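J.: generate a structure from the sequence data that follows.
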Amino acid sequence: MKVVILVCLLPLILGASLDISNCPMFCPNTNETVWVLIPYCYAFRNKCQFDVIQCLLGPIFSQNVRVVSHEECKEHCNTTCLELMDTDADESLKQKCKDFLHTCRSGEGYFHW
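T.: Residues are numbered from 1 along each chain as shown. The predicted structure follows:
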């Protein structure tokens, strides 16, 4: 929910004037993973969710985006959140980091939205 709100507000925050009237607002809850380099590897639950983000963020998001295979994507997993593991960071944040990396490396989904 937080991600959806952020995504909806981001164009307004950045002052972008985008026409989002044609953006899909509801997506099926299906797991047909779309792997994307932005430039790190990121997994979307399905093509519809990827299309929503791409539509809402328009040129801001689409500039350096490439849909790729999982094999290519997993070479670019973002591991910077691993630095949190030895800190006093919130346990739920540490778990999200682990889940995200597991999804990126293995292809098994732990989607948070």
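
J.: and residue 51, which of the three is it?
T.: Three-state call for residue 51 (DSSP: H, G, I helix; E, B strand; the rest coil): helix.

J.: need the pLDDT of it.
T.: According to the prediction, residue 51 has pLDDT 88.

J.: what about it, neighbour count?
T.: For residue 51, the neighbour count with other CB atoms under 10 Å is 15. In this view, the C-beta of every residue, glycine as well, is placed from N, C-alpha and C.

J.: you'd agree it is up against residue 25?
T.: No. Residue 51 is beyond contact range of residue 25, at 11.0 Å (criterion: CB atoms under 8 Å).

J.: pLDDT below threshold where in the chain?
T.: By pLDDT under 70, the weakly predicted segments of the chain are 1-19, 110-113.

J.: residue closest to the middle of it?
T.: The residue lying closest to the centre of the chain (CA atoms, centre = their mean) is residue 42, at 5.2 Å.

J.: list the contacts for it?
T.: Counting by CB atoms under 8 Å, 6 or more residues apart in numbering, residue 42 touches 35-36, 73, 104.
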